[in-house]
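K.L.:
The following block contains a protein sequence and its predicted model.
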Amino acid sequence: MTDHGHSHSEIKARIGAPPGRGVLRDLVYGGIDGSVTTFAIVAGVAGAGLSPFVIVALGLANVLADGFSMAAGNYSGTKAERDNIARIRATEERHIDQFPEGERREVREILAQKGLSGNVLDEATQAITENRESWINLMLEGEYGLSAVDPNPIRAATATFVAFLLAGLVPLLPFLLGLEQAFVVSVWLTMLVFFLIGALKSRWSLAPWWRSATETLLIGGSAAAIAYGVGSLFHP
């Protein structure tokens, strides 16, 4: 997934338009939470011995309401993150205007910590501080540890909601289809979703697929077991 070309044109295009963090975190977060929360309702209601109609009604309400709530929360959080970056950018712009020599010293220190020294350090500092946008971007990265690529709240919220909706509907499918032993089928389908999410997640990590899948399966399965156990306490 990280392989890329190294021709001059490929490097220029890739470095000139970095993709940012993407939506991987939002998809995994939404998918796991959608499966866990919906199945928690299914398991809790089934453990209490209530009818499939109640399971479907509560499950659908959860998928739509909780999915939207998560998307809205992710939107607000991502927007707050973007607003904070904009605030810091504005602060740096003001500092460059008011304290240019101090800001140049900061650029020099950042570059020195990256291994530059001597004439090379002097020339690099001069070159960067001659370009205001490059100057500010370097300060965002070097002084605050922030990316110059702003996060996208709409994209983050949409990814979260779609992943939550798709994964959250899986535990309800056996009940919507009126299958025999619907709860047993729901358990297996939900465990399969946990496993697949973990396996897919491994494509963006160094962990082997089976370890990532097993980890996600254990996390989701533990939440499901807790929900079923609590529901069983209220079984008539």
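P.N.:
Thanks, I have the structure now.
K.L.:
What does the pLDDT read for the residue of the chain positioned farthest from its centre?
P.N.:
Among the C-alpha atoms of the chain, the one most distant from their mean position (Cα atoms, centre = their mean) is that of residue 119, at 42.2 Å. Residue 119 is assigned a predicted lDDT (pLDDT) of 96.
K.L.:
can you pull the contacts of it?
P.N.:
Counting by Cβ atoms under 8 Å, 6 or more residues apart in numbering, residue 119 touches no other residue. Using the backbone N, CA and C atoms, a C-beta is placed for each residue, glycine as well.
K.L.:
which SSE is it in?
P.N.:
helix 118-129 (DSSP states H and E).
K.L.:
Run through who's touching stretch 72-80.
P.N.:
Contacts of stretch 72-80 (Cβ under 8 Å, 6+ apart): 26, 29, 30, 151, 152, 153, 154, 156, 157, 160.
K.L.:
so how far is stretch 44-60 off the chain centroid?
P.N.:
30 Å (Cα atoms, centre = their mean, to the nearest Å).
K.L.:
Span of it from start to end?
P.N.:
Start and end residues of stretch 44-60 are separated by 15 Å (Cα to Cα, to the nearest Å).
K.L.:
That one: which residues count as buried?
P.N.:
44, 45, 46, 47, 48, 50, 52, 55, 56, 58, 59, 60 (16 or more other Cβ atoms under 10 Å).
K.L.:
Now do the phi/psi pair for the last one.
P.N.:
Backbone dihedrals for residue 60, given as degrees, to the nearest 10, come out at phi -60, psi -40.
K.L.:
What pLDDT does the model give residue 2?
P.N.:
So residue 2 comes in at 57 (pLDDT).
K.L.:
ok, now residue 103?
P.N.:
As predicted, residue 103 sits at a pLDDT of 95.
K.L.:
three-state assignment of the most centrally placed residue in the chain?
P.N.:
In the chain, the C-alpha nearest the mean C-alpha coordinate belongs to residue 25, at 2.0 Å (Cα atoms, centre = their mean). Using DSSP: H, G, I helix; E, B strand; the rest coil, the structure places residue 25 in helix.
K.L.:
Please enumerate the helices of this structure.
P.N.:
Secondary structure of the chain by DSSP state H: the helices cover 8-16, 24-47, 52-98, 100-113, 118-129, 132-144, 153-169, 173-176, 182-201, 209-232.
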